[in-house]
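Engineer: fold the following for me, if possible:
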Amino acid sequence: MEKKHNEVKNILCVRNDRFGEFLLNIPALRALKETFINARIIAVVDPYLVDLTKSIPFIDEVIEWGQGEHLFRKKLKLISLLRRKGIDIAVMLNPSKDFNIFTFLAGIPERIGYNRKCGFLLTHKLEDLKYLGSRHEVEYNLELVGLLGAKTGNPALSLTLENNTLDPMLRNYGITDSDTLVALHPWTSDPIKQWPLVNFQAVTNELLRYPNIKVIIIGGKDESGKSSVFYENILRQGNLIDLSGKTTLRELAVLLKKCKLVISGDSGPVHLAASAGGRALVIFRDDIPGKGPKRWRPWGPGHVVIEKASLVEITPEEVLSKAKEILGI
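Structural biologist: Residues are numbered from 1 along each chain as shown. Have a look, this model is predicted:
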């Protein structure tokens, strides 16, 4: 028998893929917290995201579990841990054969997810139609927790941030309050989403013509080695600052909040900017429904999407026109 909402004590939420996808679950986590008012939310996330979860007030506890292969004894240890925690409900926010099995073997009474990857082990399930790209990922996530009756009147992304945490670093790079900051993320993890690097360089060269604008290259540690290549065709490098690989995700969120604009392809920093209260200009290809802007655009008002069937059809001039409009230059 299902427990009443106020009797549920522990809810496990599994979303251990990349940080952009993870952030788009914030409204679903809020819905669970507002509906199950006495429940603790235990989030299963990739180790890379643990620090970021500290900025999400709906998460009470974190379990680290990356998506790669794990030793059998480590899996048994996790199942034992889940059993000891007395979890009432498990929500697999991204389809996971492992966690469908783990939560079943841990004896969690209610198991919610998509009807894939041993979906027969779930007690509540949805058909996974995300590949159609007919709705936003936030809406898909809210639909899934809606199987439990969870809902919220506030579907916004949000993070709790310490706004002055980056001040010493910014001062070291000569950044002042009078500067107009533009963050640039010129890479994506998926090559089919990659706008040509030469186009990002052209946009940067034009923005650097304005002396009050400073362009900041952002990215993770795995992208920091690429930034030297980006500098090769930049004519005016004085106000170009490379912070790729030099911030934590929470620090990057603070930086993106301070920026007047973030220019990027479809990538995690776009969703981090939207969660931090920043504004994004995003370059999309729209010929693959499950990867298009209807599902993956930045969530919330004020963002701008430029989309075409082929990324090479999107010119630097189009992006610059929108960027200048937002920046008021």
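
Engineer: can you give me the domain assignment for this protein?
Structural biologist: As given by automatic domain parsing, the domain ranges for the chain are 5-146, 167-327.

Engineer: out of those, which gets nearest to Thr160?
Structural biologist: Smallest distance to Thr160 across the domains of the chain (CB to CB): 5.0 Å, for domain 5-146. Bear in mind the C-beta positions are built from the backbone N, C-alpha and C, glycine included.

Engineer: the closest one: how far from the chain's middle?
Structural biologist: With CA atoms, centre = their mean, to the nearest Å as the basis, domain 5-146 stands 16 Å off its chain's centre.

Engineer: got it, and stretch 220-237?
Structural biologist: Chain-centre distance of stretch 220-237: 23 Å, with CA atoms, centre = their mean.

Engineer: still on that earlier bit, want to throw the domains of the chain into TSV with mean neighbour count, mean pLDDT and distance to Asn154?
Structural biologist: Shown next, in TSV, are the domains of the chain (neighbours: other CB atoms under 10 Å; pLDDT from 0 to 100; distance: least, CB to CB, whole Å):
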stretch	mean neighbour count	mean pLDDT	distance to Asn154
domain 5-146	18	97	6
domain 167-327	18	94	12
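
Engineer: tabulate the ones you listed (TSV), appending distance to Leu161.
Structural biologist: Converted to TSV, the domains of the chain look like this (distance: least, CB to CB, whole Å):
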stretch	distance to Leu161
domain 5-146	6
domain 167-327	5
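
Engineer: so Gly292 makes contact with Arg285?
Structural biologist: Yes - counting by CB atoms under 8 Å, Gly292 does reach Arg285; the two are 7.3 Å apart.

Engineer: okay, and the common contacts of these two?
Structural biologist: Residues within reach of Gly292 and of Arg285 at once, by CB atoms under 8 Å, 6 or more residues apart in numbering, are Glu307.

Engineer: that older thread, and the domains of the chain: which comes nearest Thr152?
Structural biologist: Among the domains of the chain, the nearest to Thr152 by CB to CB is domain 5-146 (4.0 Å).

Engineer: between the two ends of that closest one, how far is it?
Structural biologist: The first and final residues of domain 5-146 sit 13 Å from each other (CA to CA, to the nearest Å).

Engineer: likewise stretch 142-155?
Structural biologist: End-to-end distance of stretch 142-155: 9 Å, with CA to CA as the criterion.

Engineer: quick check: beta-bridge partners of Ile217?
Structural biologist: Bridge pairing for Ile217 (DSSP bridges) gives the partners Leu184, Asp242.

Engineer: that one: what's it in contact with?
Structural biologist: Neighbours of Ile217 in contact, by CB under 8 Å, 6+ apart: Leu184, His185, Pro186, Ser227, Phe230, Leu240, Ile241, Asp242, Leu243, Ser244.

Engineer: if we take the residues you listed, which one ends up nearest to Val305?
Structural biologist: Using CB to CB, His185 comes nearest to Val305 of those, at 14.9 Å.

Engineer: grab the nearest non-local neighbour of the closest one.
Structural biologist: Ser264 (3.9 Å; CB to CB, 6 or more residues apart in numbering).

Engineer: wait, a helix at that neighbour?
Structural biologist: No - secondary structure of Ser264 (DSSP: H, G, I helix; E, B strand; the rest coil): strand, not part of a helix.

Engineer: that one against Gly278, yeah?
Structural biologist: No - in this structure, Ser264 is not within contact of Gly278 by CB under 8 Å, at 11.0 Å.

Engineer: need the residues touching each of the two.
Structural biologist: Jointly contacting Ser264 and Gly278 under the rule CB under 8 Å, 6+ apart are Ala183.

Engineer: does the closest residue to Thr160 other than its chain neighbours belong to a helix, a strand or coil?
Structural biologist: Spatially, and ignoring its direct neighbours in sequence, Thr160 is nearest to Ser55 (5.0 Å; CB to CB, 6+ apart). Here Ser55 is coil, with the state taken from three-state DSSP.

Engineer: ok, Ser55 touching Asn163?
Structural biologist: No - between Ser55 and Asn163 there is no contact under CB under 8 Å: 11.7 Å.

Engineer: please name the nearest non-neighbouring residue to Tyr140.
Structural biologist: Once flanking residues are discounted, Tyr140 sits nearest to Lys130: 5.6 Å by CB to CB, 6+ apart.

Engineer: any idea how far the one you found lies from Asn16?
Structural biologist: Lys130 sits 17 Å away from Asn16, going by CB to CB, to the nearest Å.

Engineer: with Arg30 instead?
Structural biologist: Distance, Arg30 to Asn16, by CB to CB: 19 Å.

Engineer: enumerate every residue touching the residue nearest to Tyr140.
Structural biologist: Counting by CB under 8 Å, 6+ apart, Lys130 touches Glu137, Tyr140, Gly290, Arg295.
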